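# predicted model and sequence follow; I will ask about them next.
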Amino acid sequence: MSPVHMNPAQAVRAHEILGAKISIAIHHGTFRLADDGIDTPKKQFLACRQGDSFLILKNGEFADIP
């Protein structure tokens, strides 16, 4: 899916480059479309994110962002 999606490390890097206050990881763990495990992207996000400015929502979860 790399032509149309970022991997977790790329998403965290884009968040840093853009100086975003908040970023939200969505559309992960919804469908198994790749060779990796369905929870692999979430584990990778948790391993490479810095602080609490990158939210990783569960399916159906929402966040109230000011």
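Arrived safely, thanks for sending.
# CA only for contacts and neighbour counts going forward, please
Fine.
# spatially central residue for the chain, please.
Nearest to the mean C-alpha position of the chain, by C-alpha atoms, centre = their mean, lies residue 25 at 3.2 Å.
# can you report phi and psi for that residue?
Dihedral angles of residue 25 (phi, psi; degrees, to the nearest 10) stand at phi -80, psi 120.
# ok, now which ones touch the closest residue to it other than its chain neighbours?
Sequence neighbours aside, residue 56 is the residue nearest to residue 25 in space, at 4.9 Å (criterion: C-alpha to C-alpha, 6 or more residues apart in numbering). By C-alpha atoms under 8 Å, 6 or more residues apart in numbering, the contact set of residue 56 is 24, 25, 26, 42, 45.
# enumerate every residue touching the residue nearest to the centre of the chain.
Applying C-alpha under 8 Å, 6+ apart, the residues near residue 25 are 54, 55, 56, 57.
# now, those residues that are in strands?
If you go by DSSP state E, these have 54, 55, 56 in strands.
# could you give the number of residues near the first one?
By other C-alpha atoms under 10 Å, 20 other residues sit near residue 54.
# quick check: it touching residue 19?
No. Residue 54 is beyond contact range of residue 19, at 11.5 Å (criterion: C-alpha atoms under 8 Å).
# and the longest helix belonging to the chain, how far out from the chain middle?
Identified as the longest helix of the chain according to DSSP state H is helix 8-18. Distance, stretch centre to chain centre, for helix 8-18: 9 Å (C-alpha atoms, centre = their mean, to the nearest Å).
# thanks a lot, catch you later.
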